[in-house]
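K.L.:
the following block contains a protein sequence and its predicted model.
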Protein chains: 2
Amino acid sequence: MLNKSLVLWDNQTRQIRDAVTNVEKHFGELCQIFAAYVRKTARLRDKADLLVNEIHAYAATETPNLKLGLKSFADEFAKLQDYRQAEVERLEAKVVEPLKYYGTIVKLKREDLKMTLTAKNREAKQLTQLEKTRQRNPSDRHIIVSFAESELQRASMDATRTSRQLEETIDNFEKQKIKDIRNILSEFVTIEMLFHGKALEIYTTAFQNIQNIDENEDIEIFRSSLYPQDYPSRLDIVRANSKSPLQRTGSSKFSTEIVQVR
Amino acid sequence: MLNKSLVLWDNQTRQIRDAVTNVEKHFGELCQIFAAYVRKTARLRDKADLLVNEIHAYAATETPNLKLGLKSFADEFAKLQDYRQAEVERLEAKVVEPLKYYGTIVKLKREDLKMTLTAKNREAKQLTQLEKTRQRNPSDRHIIVSFAESELQRASMDATRTSRQLEETIDNFEKQKIKDIRNILSEFVTIEMLFHGKALEIYTTAFQNIQNIDENEDIEIFRSSLYPQDYPSRLDIVRANSKSPLQRTGSSKFSTEIVQVR
């Protein structure tokens, strides 16, 4: 029965060690993947920055209305990239770093556990020893019982103390782990939501900027840049030089059409 | 004066060609950068997918409450990646493809312009020829004027027609360009907003899933997995074997503590 108890104790030890190793493994994996997620977000921001620059460069070559619309859009989009930058920094500080730091926490916890488990093992051995001593001397039952009583009492009190310590260590580890993963994921969601909320706000303005672009006004401006009004039409030139009857025969409609040629 | 008009015409031609080249250049750049932006969004989705898998893998090793919380979170986060995938596909179809297709549009427009500009140039030469003929024969003014009248009338009508065509071609190109960039950017904003809106919705649920994780319940479960209740405590074993007065001397508090050791 004592053997069975020691087997159980071994199982518990293994189970606790496995639990710590498991957290170490999975928190480590999570840390790496979250870090990669943050890096990709930063890469997305880089591309968005390029987009801002290119839209500004294109806007500079365009007619006033389109130029204004593009510039306003680029400005809003640039603002969103500032928020994306904040998102990247926050994720780094509130998600990746705490997960990275967990490696250290796990190491410390493992030391704690090792110490407590060593103490527990020592006690388990003492109990086994006690059991053996008693079994070897069945005739001296009285002395043995007295000896066993004091020894066992001491061993039991030690066992109680270290057991309570172990229990506390494990409980704290488990509690802290659940609290930490809950906090880390909550931070992740909060940071992401903050960004998505800002994105909705900014895109609403950006959408209006784009919708406000009026092509008709720009077409007029483009036309007048191509055909300056103070320049004579070619028909006027021919007329001035030839002084022909054309001046009379040319219908007003025809003249209007020629004016359009300018 | 005719020379001055031809210089103006050359300027116009160059200006129109530059405008088309400018659009070709900048729409091309925009296409490339938007494509890169979409690719980075897809990479971000890849990392998020890894995160979903890892959270599921970790959840499988955890106590029921934490497991449920992590699984629910991962499920919501996976849902968001489906929307990110839709975002990627929509951006590809509604932003990158139309910009890519613009290369073809610009080529066709350039052909249109080339044809119209060739016709205009031919007419400009005819007008120059007409002018020269008249200047060379100032004595035969009457015959020349009659000749010039019919020639000029034909040339002018041609000029009117091709000019109107050129104007229409340019106008359409400018109008289409403004409409297209406005549509493309509007589509971009709409697709992004759709995603951000969904993200807010999904993260709201995910946040609740995480907050609902109750560590106390899990600690109890973890404890009972370490110390099964149907197993005797070590003190019980010693008691059973020794039949010592310990059974009487052991205080109830002490016994309780030993029970906790299990």
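P.N.:
That came in fine, so what should we check first? If you're wondering where the values come from, they're calculated on a predicted model, not measured in any experiment.
K.L.:
what helix or strand is the closest residue to residue A:106 other than its chain neighbours on?
P.N.:
Among residues not flanking residue A:106 along the chain, residue A:24 sits closest, at 4.4 Å (C-beta to C-beta, 6 or more residues apart in numbering or on different chains). The way it works is simple: take the backbone N, C-alpha and C, and place the C-beta from them, glycine included. In the assignment (DSSP states H and E), residue A:24 maps to helix A:2-60.
K.L.:
next SSE after that helix?
P.N.:
Later in the chain than helix A:2-60, the nearest helix or strand by DSSP H and E is helix A:64-91.
K.L.:
right, and the helix or strand after that next one?
P.N.:
helix A:97-136.
K.L.:
for residue A:15, which residues are in contact?
P.N.:
Residues near residue A:15 by C-beta atoms under 8 Å, 6 or more residues apart in numbering or on different chains: B:225, B:226.
K.L.:
could you rerun that using 10 Å?
P.N.:
A:170, B:222, B:225, B:226 (C-beta atoms under 10 Å, 6 or more residues apart in numbering or on different chains).
K.L.:
buried among those residues? Make that a ChimeraX selection.
P.N.:
Applying 16 or more other C-beta atoms under 10 Å in any protein chain shown to the contacts of residue A:15, the buried members can be selected in ChimeraX as follows:
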select /A:170 /B:222,226
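K.L.:
can you list the contacts of residue A:15 in a markdown table and add distance to residue B:50?
P.N.:
Below are those laid out as a markdown table (distance: C-beta to C-beta, whole Å):
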| residue | distance to residue B:50 |
| --- | --- |
| A:170 | 30 |
| B:222 | 28 |
| B:225 | 29 |
| B:226 | 32 |
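K.L.:
where does chain A have low pLDDT?
P.N.:
Regions of chain A meeting the criterion pLDDT under 70 cover residues A:1-6, A:8-9, A:134, A:137-145, A:147-149, A:152, A:156, A:159, A:228-262.
K.L.:
now do 90
P.N.:
A:1-20, A:102-176, A:214-262 (pLDDT under 90).
K.L.:
what's the angle from the helix holding residue A:24 to helix A:64-91?
P.N.:
Here helix A:2-60 runs at an angle of 160 degrees relative to helix A:64-91 (axes from the mean of the first three to the mean of the last three C-alpha atoms, to 10 degrees).
K.L.:
can you name the next helix or strand after the longest helix seen in chain A?
P.N.:
Counting by DSSP state H, the longest helix found in chain A is helix A:141-211. Using DSSP H and E, the helix or strand that follows helix A:141-211 in sequence is helix A:215-226.
K.L.:
which helices and strands sit right next to that next one?
P.N.:
Counting contacts by 3 or more C-beta pairs under 10 Å, 6 or more residues apart in numbering or on different chains; DSSP states H and E, helix A:215-226 packs against helix A:64-91, helix B:2-60, helix B:141-211.
K.L.:
chain center to it: distance?
P.N.:
Centre-to-centre, helix A:215-226 and its host chain are 46 Å apart (C-alpha atoms, centre = their mean, to the nearest Å).
K.L.:
and stretch A:76-91, C-alpha only, in CSV?
P.N.:
Presented in CSV, the C-alpha positions along stretch A:76-91 are these (Å, rounded to 0.1, in the frame of the first residue of the first chain):
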residue,chain,number,x,y,z
GLU,A,76,-6.5,59.9,-43.7
PHE,A,77,-4.9,56.7,-44.8
ALA,A,78,-1.6,57.9,-43.3
LYS,A,79,-3.4,58.7,-40.0
LEU,A,80,-4.6,55.1,-40.0
GLN,A,81,-1.0,53.9,-40.4
ASP,A,82,0.0,55.9,-37.3
TYR,A,83,-2.7,53.9,-35.4
ARG,A,84,-1.3,50.7,-37.0
GLN,A,85,2.1,51.6,-35.7
ALA,A,86,0.6,52.1,-32.2
GLU,A,87,-1.1,48.7,-32.6
VAL,A,88,2.2,47.1,-33.4
GLU,A,89,3.9,48.8,-30.4
ARG,A,90,1.1,47.9,-28.0
LEU,A,91,1.0,44.2,-29.2
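K.L.:
show me what counts as buried in that stretch.
P.N.:
Quick answer for stretch A:76-91 (16+ other C-beta under 10 Å): A:76, A:77, A:78, A:79, A:80, A:81, A:83, A:84, A:87, A:88, A:90, A:91.
K.L.:
so the fourth one versus residue A:199, what's the distance?
P.N.:
Using C-beta to C-beta, to the nearest Å, one gets 10 Å for the distance from residue A:79 to residue A:199.
K.L.:
hey, what's in contact with both of these two?
P.N.:
Joint contacts of residue A:79 and residue A:199 (C-beta under 10 Å, 6+ apart) are residue A:206.
K.L.:
what count of nearby residues applies to residue A:40?
P.N.:
20 (other C-beta atoms under 10 Å in any protein chain shown).
K.L.:
was I right to think it contacts residue A:91?
P.N.:
No - assessed by C-beta atoms under 10 Å, residue A:40 is found out of contact with residue A:91, at 11.0 Å.
K.L.:
ok so, going back, and the helix holding residue A:24 with helix B:215-226, angle?
P.N.:
140 degrees.
K.L.:
quick one, helix A:2-60 and helix B:141-211 angle?
P.N.:
Helix A:2-60 and helix B:141-211 meet at an angle of 160 degrees, taking the same axes, to 10 degrees as the criterion.
K.L.:
what angle do helix A:97-136 and helix A:2-60 make with each other?
P.N.:
Angle, helix A:2-60 to helix A:97-136, by the same axes, to 10 degrees: 180 degrees.
K.L.:
residue A:13 reaches residue A:120, doesn't it?
P.N.:
Yes - taking contacts as C-beta under 10 Å, residue A:13 lies within contact range of residue A:120: 7.8 Å.
K.L.:
list the residues that contact both of these two?
P.N.:
residue A:166.
K.L.:
which residues touch the closest residue to residue A:197 other than its chain neighbours?
P.N.:
Spatial nearest neighbour of residue A:197, excluding adjacent residues (C-beta to C-beta, 6+ apart): residue B:200 at 6.3 Å. Applying C-beta under 10 Å, 6+ apart to residue B:200 gives the contacts A:192, A:193, A:195, A:196, A:197, A:199, A:200.
K.L.:
reformat those residues as TSV; add distance to residue B:183.
P.N.:
Formatted as TSV, those follow (distance: C-beta to C-beta, whole Å):
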residue	distance to residue B:183
A:192	30
A:193	30
A:195	26
A:196	25
A:197	26
A:199	21
A:200	21
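K.L.:
so which of those comes closest to residue B:46?
P.N.:
Proximity of the contacts of residue B:200 to residue B:46 was ranked by C-beta to C-beta; the top entry is residue A:192 with 16.9 Å.
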